[in-house]
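Peer 1: show me the folded form of this:
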Amino acid sequence: GTERLCKLVSPNHKVVIITSDITRPFPSYKVIPSILDELRAAGVHYENITVVFALGSHRAHTRDEMCKLVGNEVFNQVRCIDSAPSDCVHLGTTSRGTPVDIFRPVAEADVRICIGNIEYHYFAGYSGGAKAIMPGVSTRAAIQANHSHMVLKEAAAGRLSGNPVREDIDEVAKFCPIDFIVNVVLNEKKEIIHCVSGHYIKAHRAGCTFLDR
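Peer 2: Residues are numbered from 1 along each chain as shown. Below you'll find the predicted structure:
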């Protein structure tokens, strides 16, 4: 659903790569180097690239944890930071009343790349896609507003259509556009067995279809 990543960016773009924190099994160290190759092919300089760990409401990482997540080479090449709910920009409100409060470096970037793994989520339907933004780099108030819909019967594992939590998550991208995603499906050994990339809805849904099989 998109052009190849290297065709979506320009050398002067400020790019953020939003990835999972240490509570998730996503192997950032395996995926990010390929993304950096694409960005470099487009002429983007490392100083214009920031990796943001999407903490949601989780604790901050230590320096060693960040290094472990992305690998030594990536950690030394580009800026790596945790999201911080204390430094967010208010971009609007979703139709379900969720405030779109986004970590400033993500909100102010020219290009946003969301990465993560796709697995069943007990009330958001599936992980992955725009979930890197909401709840990934949002405020606690925004997360609570979104998660308040989990009590509805439509908020169920494996459900996308009509799921109020997932639809609220995806609507956030209207206020904070997602330019590209890279999502993977892992097996029981946490090995990558499938990868989808491109449009934050189309690629994500293709990954969900694979997981269902």
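Peer 1: and the helix ranked longest in the chain, what's its mean pLDDT?
Peer 2: The single longest helix within the chain, with elements called by DSSP state H, is helix 28-41. The pLDDT scores in helix 28-41 average 97.
Peer 1: elements contacting it?
Peer 2: Secondary-structure packing of helix 28-41 (3 or more Cβ pairs under 8 Å, 6 or more residues apart in numbering; DSSP states H and E): strand 15-20, strand 49-54, helix 63-70, helix 72-77, strand 111-117, strand 180-186. For the C-beta atoms, the positions are set from N, CA and C on the backbone; glycine is no exception.
Peer 1: now render these as JSON lines, adding distance to Ala84 and mean neighbour count.
Peer 2: Putting the helices and strands packed on helix 28-41 into JSON lines (distance: least, Cβ to Cβ, whole Å; neighbours: other Cβ atoms under 10 Å) gives the following:
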{"stretch": "strand 15-20", "distance to Ala84": "13", "mean neighbour count": "26"}
{"stretch": "strand 49-54", "distance to Ala84": "10", "mean neighbour count": "24"}
{"stretch": "helix 63-70", "distance to Ala84": "14", "mean neighbour count": "16"}
{"stretch": "helix 72-77", "distance to Ala84": "19", "mean neighbour count": "15"}
{"stretch": "strand 111-117", "distance to Ala84": "17", "mean neighbour count": "25"}
{"stretch": "strand 180-186", "distance to Ala84": "23", "mean neighbour count": "23"}
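Peer 1: how about those in JSON lines, adding distance to Ala130 and mean pLDDT?
Peer 2: Conversion of those to JSON lines gives the following (distance: least, Cβ to Cβ, whole Å; pLDDT from 0 to 100):
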{"stretch": "strand 15-20", "distance to Ala130": "10", "mean pLDDT": "97"}
{"stretch": "strand 49-54", "distance to Ala130": "11", "mean pLDDT": "98"}
{"stretch": "helix 63-70", "distance to Ala130": "21", "mean pLDDT": "97"}
{"stretch": "helix 72-77", "distance to Ala130": "23", "mean pLDDT": "96"}
{"stretch": "strand 111-117", "distance to Ala130": "7", "mean pLDDT": "98"}
{"stretch": "strand 180-186", "distance to Ala130": "8", "mean pLDDT": "98"}
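Peer 1: ok, back up a step: and the angle for the longest helix of the chain with strand 49-54?
Peer 2: Computed by axes from the mean of the first three to the mean of the last three Cα atoms, to 10 degrees, the angle separating helix 28-41 from strand 49-54 equals 150 degrees.
Peer 1: picking that back up, dump the helices and strands packed on helix 28-41 into JSON lines; add distance to Gly162 as well.
Peer 2: What follows is the helices and strands packed on helix 28-41, written out as JSON lines (distance: least, Cβ to Cβ, whole Å):
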{"stretch": "strand 15-20", "distance to Gly162": "26"}
{"stretch": "strand 49-54", "distance to Gly162": "25"}
{"stretch": "helix 63-70", "distance to Gly162": "34"}
{"stretch": "helix 72-77", "distance to Gly162": "39"}
{"stretch": "strand 111-117", "distance to Gly162": "23"}
{"stretch": "strand 180-186", "distance to Gly162": "22"}
